[in-house]
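Colleague: Model the following, please.
(one chain, ligands or ions: 1)
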Amino acid sequence: MRIDVVTIFPAYLDPLREALLGRAVERGLLEIAVHDLRRWTHDVHQAVDDAPYGGGPGMVMRPQVWGEALDEVLPAGPQPARLVVPTPAGRPFTQTTARAWADEQRLVFACGRYEGIDERVLLDARARGIEVDEVSIGDYVLVGGEVAVLVMVEAVARLLPGVLGNPRSAAEDSFSDGLLEGPSYTRPETWRELAVPDVLRGGNHAAIARWRRDRALERTRDRRPDLLDALPPDALDAADRAV
Ligand SMILES: Nc1cc(-c2ccc3ccn(Cc4ccc(CN5CCCC5)cc4)c3c2)n[nH]1
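Modeller: Next up, the predicted model:
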């Protein structure tokens, strides 16, 4: 997978060169290119924003600069790419989105700043046959799209073959069975007078599986009842419903 990111703050994407993702790039499991949007300005001030038509707070990012940038970074043509535009007004980005994008050959992320990007940039991309996804990573307002791109690239990249040392981890993600994962423990058996639950130290794998599912159901009911409501009717068996 090749990932391109266009931004006026390229350094914001430096964390993608670190740790697990950095190693995955070094190993050629994915390619990440970050582009400074100001490369496509032609004025001495390298202006990328202007006042909003119709008034309102803040500034809007100019279509000309984004148009030239995306013409170069996201050529319409044989190799389809998906243009992802983070925005507070987007559709929710979820694990389902991450899994779907993990199958793409190319992802191009357009990081807005100010109050966002002139709508015509997205209209023009769609008119050129490019898939454009406007996505939100949560119901809170950031200052720009860069942090949202870090979140989404990490969520997608960890699903790519070979990126995670232990592929079972991605397969057993939270939400993979529709529930939140329960508590985890490691050595020592007792720490500050707090003991690891006995069942986890025994060898009864059926009992351990049952205990873990019970903790996951309890936690999901407590923190995310919406996830329980979204489960298919046959997802919970009698033992589950007794929790
Ligand atoms: N999940 C999530 C994603 C973001 C996000 C993503 C990209 C950008 C680019 C600029 N901003 C700042 C921003 C944008 C829109 C408004 C709302 N204004 C009200 C009137 C016109 C617009 C305020 C502030 C972003 C924010 N935030 N949260």
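Colleague: and Val6, that one's in a strand?
Modeller: Yes - with DSSP: H, G, I helix; E, B strand; the rest coil as the criterion, Val6 is located in a strand.
Colleague: longest single strand anywhere in this protein?
Modeller: strand 82-92 (DSSP state E).
Colleague: Which strands or helices does that one pack on?
Modeller: strand 106-110, helix 119-127, strand 131-136, helix 146-157 (3 or more Cβ pairs under 8 Å, 6 or more residues apart in numbering; DSSP states H and E). Bear in mind the C-beta positions are built from the backbone N, C-alpha and C, glycine included.
Colleague: hmm, who's touching the first one?
Modeller: When you say that, I think you mean strand 106-110. Contact with strand 106-110 is made by 1-6, 66, 70, 73-74, 79-86, 101, 117, 121, 145, 149, 152-153, 156, as judged by Cβ atoms under 8 Å, 6 or more residues apart in numbering.
Colleague: circling back: can you check which of the helices and strands packed on strand 82-92 gets nearest to Ala24?
Modeller: Ala24 lies closest to helix 146-157 among the helices and strands packed on strand 82-92, at 6.2 Å (Cβ to Cβ).
Colleague: Is the ligand within reach of the closest one?
Modeller: Yes - in terms of Cβ under 6 Å from any ligand atom, part of helix 146-157 sits within range of the ligand, namely Ala148.
Colleague: pull the CA atoms of that helix into CSV?
Modeller: The C-alpha trace of helix 146-157 is given here as CSV (Å, rounded to 0.1, in the frame of the first residue of the first chain):
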residue,chain,number,x,y,z
GLU,A,146,-3.0,15.9,10.6
VAL,A,147,-3.7,14.2,14.0
ALA,A,148,-6.8,12.5,12.4
VAL,A,149,-4.5,11.2,9.7
LEU,A,150,-2.0,9.8,12.2
VAL,A,151,-4.9,7.9,13.9
MET,A,152,-6.3,6.5,10.7
VAL,A,153,-2.9,5.5,9.1
GLU,A,154,-2.0,3.6,12.3
ALA,A,155,-5.4,1.9,12.4
VAL,A,156,-5.1,0.8,8.8
ALA,A,157,-1.4,0.0,8.7
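Colleague: quick check: mean pLDDT across it?
Modeller: Mean per-residue pLDDT for helix 146-157: 98.
Colleague: Leaving out sequence neighbours, find the closest residue to the residue nearest the centre of the chain.
Modeller: Per Cα atoms, centre = their mean, the C-alpha nearest to the average position across the chain is that of Met152, at 2.0 Å. Distances taken as Cβ to Cβ, 6 or more residues apart in numbering place Phe93 nearest to Met152, at 5.8 Å, with adjacent residues excluded.
Colleague: Report the contact partners of that neighbour.
Modeller: Val135, Ser136, Ile137, Ala148, Val151, Met152, Ala155.
Colleague: same deal with Ser136?
Modeller: Ser136 neighbours (Cβ under 8 Å, 6+ apart): Pro86, Thr87, Pro88, Ala89, Gly90, Arg91, Pro92, Phe93, Ala148.
Colleague: I figured Leu150 was touching Leu13, is that so?
Modeller: Yes - assessed by Cβ atoms under 8 Å, Leu150 is found in contact with Leu13 at 6.9 Å.
Colleague: Between those two, point out the one with more neighbours.
Modeller: Neighbours were counted for Leu150 and for Leu13 using other Cβ atoms under 10 Å; Leu13 has more, 22 against 19.
Colleague: No further queries at this time; thank you.
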